[in-house]
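Engineer: requesting a structural model of the entry that follows:
(one chain, ligands or ions: 2)
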Amino acid sequence: MRDFLVVGAGFAGSVCAERLAAHGKRVLVVDRRPHIGGNAYDRVDEHGVLIHPYGPHIFHTNAKRIIAYLSRFTDWRFYEHRVLAQVEGKLYPIPINRTTINALYGLALDEDGVAAWLEKTRTPRDPLKTSEDVVLNSVGPDLCDKFFRGYTRKQWGLDLSELSAGVAARIPTRNNDDDRYFTDTFQFMPAEGYTKMFERMLAHPGIEVRLGVDFEDVKATESFGHVIYTGPIDAYFGYRFGKLPYRSLRFEHQHLPDTAQYQPVGTVNYPNDHDYTRITEFRHLTGQQHSGTSLVREYPQAEGDPYYPVPRPANEALFKQYEALAKQEANTTFVGRLAQYRYYNMDQVVGAALAAVDDILAAKP
Ligand code: FAD
Ligand code: UDP
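Structural biologist: Ligands and ions are numbered 1, 2, ... in the order given. Modelled structure (predicted):
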């Protein structure tokens, strides 16, 4: 009997496997997909451009411990992500900042002027329960409609008022000209890509990786001391209480030959135009030099691979029912964005996986 089975070779599964192997455990990792890395997997496309098949992944964190841990498996390329949103045919910085407000309304406000303008423009809300509360409370109805309501309807198939506050709270509002999408202390891309980083994590002799293999297949034929499950929690329990909604996407990849640059920044958001939410041009993220350029458009959809938990009270209540079952499941740990049904960024998944292994090793040294 092997010590551990890890279901899923994404951030959650790979970090757990690496840590357990480093502590002398024998680990089998399975993933139903034909590759490691989960949604953070990257690869060189048929034109020679490094792309992210599951949409743009930009690493950012404030946690020194997490960047230090991952630095054992990769060098980094400094990269600060910038995003523009197309509104009424023109491009403006998002998060909304001083530049956005001055350009959109023909103003020349300084930082204090922006603060005063927002104070009279916003619609104070208390408490901030929904994403609509968050956006109206910070920027008021016009900016809400121009930048948030349409994008959110497309991305989630829901109105801002139907989503928990945390979704829109990911996007701040700024009085200054800072046009970076993230302000974290550490903002880097793995120098040779995510997949290379995962390969090094999983290269430990105590780890065996089997790809194209489903949990259902191994659980029927082999036994393990402990299972770490990083797939959707409702699937683990056979959808006993009903399906937990996960939002999916269809990715449309495109390569433009002999094109130095398609758009001025890594991502352009389309809050009110088109069926896709955003276009990302990978060369900005990776810094790769190439005669052509590769892009991805994201089309949100209800069906398909689970990509996003949908944060709203009814779903959180359903998740709690599954979580209660998970707590009773002997010798099994549920960790990651799908298993914990949390809108986690990559660094938060790394943090959750490190904590999960600490707990396991404390109980089973
Ligand atoms: P996953 O990466 O989903 O891995 C789970 C794995 O388990 C999958 O590979 C799946 O195939 C496998 N699996 C599931 N069930 C089974 C089964 N029964 N048997 C076998 N295998 C199974 N985060 C950031 O920090 N920055 C970003 O810029 C960013 N951009 C994103 C863009 C998009 C479009 C998406 C969808 C996510 C983005 N994220 C970003 C979030 C990031 O992808 C996740 O936080 C992280 O990849 C989650 O890792 P995970 O291991 O929990 O899950
Ligand atoms: N959002 C929006 N307009 C934008 C950018 C974001 O309405 O131009 C809202 C939308 O609801 C989105 C959420 O903020 O789903 C979080 O955005 P983020 O860019 O963090 O989403 P992710 O990269 O995780 O898809």
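Engineer: near ligand 1, which residues of the chain? Just list them.
Structural biologist: Proximity of the chain to ligand 1, by Cβ under 6 Å from any ligand atom, involves residues 7-13, 30-33, 38-40, 54-58, 214-215, 230-231, 249, 307, 336-338, 344-347, 349. For glycine as for every other residue, the C-beta is placed from the backbone atoms N, C-alpha and C.
Engineer: these in strands, which ones?
Structural biologist: The strands, defined by DSSP state E, take in 7, 30-31, 249 from the residues of the chain next to ligand 1.
Engineer: report the two of these separated the most.
Structural biologist: Pairwise distances across these (Cβ to Cβ) peak at 24.0 Å, for the pair 30 and 249.
Engineer: hey, where'd the strands end up in the stretch 1-150 of the chain?
Structural biologist: Ranges of strands within the stretch 1-150 of the chain are 2-7, 27-31, 43-44, 50-51, 59-61, 76-78, 83-87, 90-93, based on DSSP state E, counting those that start in this stretch.
Engineer: distance between the fifth one and the chain's centre?
Structural biologist: Okay, so that is strand 59-61. When distances are taken as Cα atoms, centre = their mean, to the nearest Å, strand 59-61 is centred 11 Å away from the chain's centroid.
Engineer: other SSEs contacting that strand?
Structural biologist: Packed against strand 59-61 by the contact rule (3 or more Cβ pairs under 8 Å, 6 or more residues apart in numbering; DSSP states H and E) you find strand 186-190, helix 346-363.
Engineer: check the first one too.
Structural biologist: Packing partners of strand 2-7 (3+ Cβ pairs under 8 Å, 6+ apart): helix 11-22, strand 27-31, helix 215-221, strand 224-229.
Engineer: what's the closest of the ones you listed to residue 293?
Structural biologist: Residue 293 lies closest, by Cβ to Cβ, to one member of the helices and strands packed on strand 2-7: helix 11-22, at 27.3 Å.
Engineer: ok so, going back, who wins for proximity to ligand 2 among the strands of the stretch 1-150 of the chain?
Structural biologist: Nearest to ligand 2, of all these, is strand 83-87, at 4.8 Å by Cβ to the nearest ligand atom.
Engineer: ok, that closest one: who's next to it in the sheet?
Structural biologist: Partner strands and pairing direction for strand 83-87 (DSSP bridges) are strand 90-93 (antiparallel), strand 267-269 (parallel).
Engineer: can I get these in TSV including mean neighbour count, mean pLDDT and distance to residue 134?
Structural biologist: Rendered in TSV, the data for the strands paired with strand 83-87 read as follows (neighbours: other Cβ atoms under 10 Å; pLDDT from 0 to 100; distance: least, Cβ to Cβ, whole Å):
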stretch	mean neighbour count	mean pLDDT	distance to residue 134
strand 90-93	17	98	19
strand 267-269	22	99	17
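Engineer: wait, what's in contact with the residue of the chain most remote from its centre?
Structural biologist: Relative to the centre of the chain, and counting by Cα atoms, centre = their mean, the farthest-placed residue is residue 108 at 35.5 Å. Residue 108 sits next to residue 102 when contact means Cβ atoms under 8 Å, 6 or more residues apart in numbering.
Engineer: kindly report the same for residue 267.
Structural biologist: When contacts are counted by Cβ under 8 Å, 6+ apart, residue 267 touches 56, 81-84, 181, 278-281.
Engineer: just put these in JSON lines and tack on distance to residue 295 and pLDDT.
Structural biologist: Putting the contacts of residue 267 into JSON lines (distance: Cβ to Cβ, whole Å; pLDDT from 0 to 100) gives the following:
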{"residue": "56", "distance to residue 295": "10", "pLDDT": "98"}
{"residue": "81", "distance to residue 295": "15", "pLDDT": "98"}
{"residue": "82", "distance to residue 295": "16", "pLDDT": "98"}
{"residue": "83", "distance to residue 295": "14", "pLDDT": "98"}
{"residue": "84", "distance to residue 295": "14", "pLDDT": "99"}
{"residue": "181", "distance to residue 295": "18", "pLDDT": "98"}
{"residue": "278", "distance to residue 295": "10", "pLDDT": "98"}
{"residue": "279", "distance to residue 295": "6", "pLDDT": "99"}
{"residue": "280", "distance to residue 295": "7", "pLDDT": "99"}
{"residue": "281", "distance to residue 295": "5", "pLDDT": "98"}
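Engineer: so which of these comes closest to ligand 1?
Structural biologist: When the contacts of residue 267 are compared for distance to ligand 1, the smallest value, 5.7 Å, is given by residue 56; criterion: Cβ to the nearest ligand atom.
Engineer: next, give phi and psi for that closest one.
Structural biologist: Backbone geometry at residue 56, expressed as degrees, to the nearest 10, gives phi -70, psi 130.
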